[in-house]
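Student: When you get a sec, could you give me coordinates for this:
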Amino acid sequence: MGYLGRPIVAVDFDGTIRQGKRLTSKNNRLMVSCKWVIKKLHKNGVRLVVWTTRNDLAPVRKVLEDNKIAGYFEEINENIKEIRWWKTRKIYADYYVDDLNLGGFPGWLKVYGVVMQDSYFKNIQNSMGG
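Tutor: Residues are numbered from 1 along each chain as shown. You can find the predicted model right below:
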């Protein structure tokens with residue numbers, strides 16, 4: 001279960017949210033199933049943060065806004081407000097989603113399946129008699 005109850009998921013931008021590594025005005029398409037999974041995770045109570053090595057965050061914000069998913073992320077390269085005391089370069093998260101994970105990016109449907117196995121969701125289901 002997440003430190004604050006609901007799981008926090010930090011998501012890389014290039015190659016994870018957006019297809020490819022080089023950002024151009026013609027190349028701002030999202031990865032397959034990205035939008036659907038982001039919306040579904042958010043609806044289920046997951047707290048989302050974009051975590052990228054990019055210095056210029058304006059293009060990141062633009063892609064998120066153009067694809068109508070900006071509102072699902074609480075922060076970009078910052079901890080959520082309840083964890084601002086965490087003073088390291090790496091933000092706090094229960095899950096880190098990145099295309100450079102061991103074995104590469106497994107795809108958004110696999111990410112959804114892994115996050116939804118978190119004990120937070122099992123505890124909710126048990127409390128509802130399910």
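Student: does Y96 sit in a helix, a strand or a coil?
Tutor: At Y96, secondary structure determined by DSSP: H, G, I helix; E, B strand; the rest coil is strand.
Student: what sits against it?
Tutor: V9, A10, D12, W51 (CB atoms under 8 Å, 6 or more residues apart in numbering). Just so you know, the C-beta spots here come from the backbone N, C-alpha and C atoms, and that holds for glycine as well.
Student: if we go to 10 Å?
Tutor: Residues near Y96 by CB atoms under 10 Å, 6 or more residues apart in numbering: I8, V9, A10, V11, D12, V49, W51, K90.
Student: In ChimeraX, select just the buried ones from those residues.
Tutor: To isolate the buried ones among the contacts of Y96 in ChimeraX, judged by 16 or more other CB atoms under 10 Å, type:
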select :8,9,10,11,12,49,51
